[in-house]
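Enquirer: need a structure here:
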Amino acid sequence: MSEALSEQDISELRQWRLNIEEANRNNIFCHCRTCGAEWVDSSFDAVCSCGSSDVEHISCWQFPDD
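Expert: Below is the predicted model of the structure:
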């Protein structure tokens with residue numbers, strides 16, 4: 001029983017996705033599983049300064065502002 005999305009809903013969803021993409025730019029929290037280093041980067045493919053590519057990447061928008 002799914003309802004068809006209205007044009008306004010589609011437009012809002014498109015804008016929401018664009019906002020998420022914008023928030024991701026330069027806002028990727030990285031944690032190296034090898035040495036424990038943490039930093040914020042602009043790439044989901046970031047490699048740690050220790051040389052490890054075993055890095056966890058989390059979009060910063062997922063963290064609440066206090």
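Enquirer: Wait, Leu13 touches Asn19, no?
Expert: No: with contact defined as C-beta atoms under 8 Å, Leu13 and Asn19 do not form a contacting pair (10.7 Å). Yep, even glycine has a C-beta here, placed from its N, CA and C like the rest.
Enquirer: Tell me where the chain has helices.
Expert: 7-24 (DSSP state H).
Enquirer: Any idea what the most centrally placed residue in it is bridged to?
Expert: Residue closest to the average C-alpha location in the chain (C-alpha atoms, centre = their mean): Ser59, at 2.6 Å. On the basis of DSSP bridges, Ser59 is bridged to Ile28.
Enquirer: ok, now how distant is it from Trp16?
Expert: 14 Å (C-beta to C-beta, to the nearest Å).
Enquirer: Please identify every residue contacting each of those two.
Expert: Common contacts of Ser59 and Trp16 (C-beta atoms under 8 Å, 6 or more residues apart in numbering): none found.
Enquirer: now the end-to-end length of stretch 30-37.
Expert: Using C-alpha to C-alpha, to the nearest Å, the end-to-end distance of stretch 30-37 comes to 8 Å.
Enquirer: What are the buried residues along it?
Expert: Along stretch 30-37, these residues count as buried under the neighbour rule (16 or more other C-beta atoms under 10 Å): Cys30, Cys32.
Enquirer: can you give me the mean pLDDT across it?
Expert: Averaging pLDDT along stretch 30-37 yields 97.
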